[in-house]
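K.L.:
got a predicted structure here, sequence first:
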Amino acid sequence: MRFDIVTVFPEMLRPFFSQGILLGAQEKGLIEIHLHDLRVFSPDPRGIVDDRPFGGGAGMVMRPEPFFRAVEAITQEIQAKPFVVLLSAQGVLFNQDWAKKFAQKKNLVLLCGRYEGVDERVLSFCDLELSVGDFVLAGGELAAAIVVETTARMVPGVVGRYDSVATDSFYSGPRLGFPQYTRPRVFRGLSVPEILLSGDHERIRRWREKEAWKKTLRHRPDLLGLNLPPQGCERSGPEA
């Protein structure tokens, strides 16, 4: 799978994509990540990509021409029509289901906005306007990193054992993951639940299922259609 990211700050993203499972996935040839400097595609010889908004208002708006040119250049390079996503706080909300859908694509282009937003005409060639949350970032770069990592994990072979992906929060619907424990068995008076040491895989499976639903109710009751305030973490035992 190939990711193309169009941004005014490609160097901001390069270190993130050069470590961890994303680096390993690239070395295995499972994914490709290409960063494109939007300023290269500006019609202005100085590389300017923004201008004052028509109708007045604060801030600057990103011009349409660089985005059009960037996507046209990528399309010509790959000789195929990519799936184009504009990252924007005004878009539909990104979730695990979108990551699964994106992982079925061969070519995904992510456009990173900045300033007061992107000229609306850019949407004329986009397949989707996407938000990573109900908040506003300074730009789309962090959102692009989130989309790439989340999507790449859905590509077979990127994560060593795919069943570890299948037990992630949200993978099998609106439910959080179950609690996880490892060594030591007792730490500062906090013990691992005995059932996890029992060796009874069916009992462990049922316990994990129950605990996953309990955590969902506690942290994200909205996922269950309940209008309740999240309870957050439940403290127990001595202070860490």
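P.N.:
That came through fine. Being a predicted model, the structure only gives us computed values, none of them experimental.
K.L.:
can you report phi and psi for Pro10?
P.N.:
The phi/psi pair for Pro10 (degrees, to the nearest 10) reads phi -60, psi -30.
K.L.:
show me the contacts for the closest residue to it other than its chain neighbours.
P.N.:
Closest residue in space to Pro10, ignoring its immediate chain neighbours: Leu35 at 3.9 Å, by CB to CB, 6 or more residues apart in numbering. C-beta coordinates here come from the backbone N, C-alpha and C atoms, glycine included. Listed by CB atoms under 8 Å, 6 or more residues apart in numbering, the contact partners of Leu35 are 5, 7, 10, 13-14, 17.
K.L.:
go again using 7 Å as the cut-off
P.N.:
By CB atoms under 7 Å, 6 or more residues apart in numbering, the contact list for Leu35 reads 5, 7, 10, 13-14.
K.L.:
sec struct for it, please.
P.N.:
Following DSSP: H, G, I helix; E, B strand; the rest coil, Leu35 is assigned to strand.
K.L.:
that's a strand at Leu87, yeah?
P.N.:
Yes - assessed by three-state DSSP, Leu87 belongs to a strand.
K.L.:
and for the top helix by length along the chain, what's in contact with it?
P.N.:
Longest helix of the chain, by residue count under DSSP state H: helix 201-219. Helix 201-219 is contacted by residues 175-179, 195-196, 198, 223-224, 230-232 when judged by CB under 7 Å, 6+ apart.
K.L.:
quickly list what the residue nearest to Pro10 is bridged to.
P.N.:
Legend: beta-bridge partners of Leu35 under DSSP bridges are Ile5.
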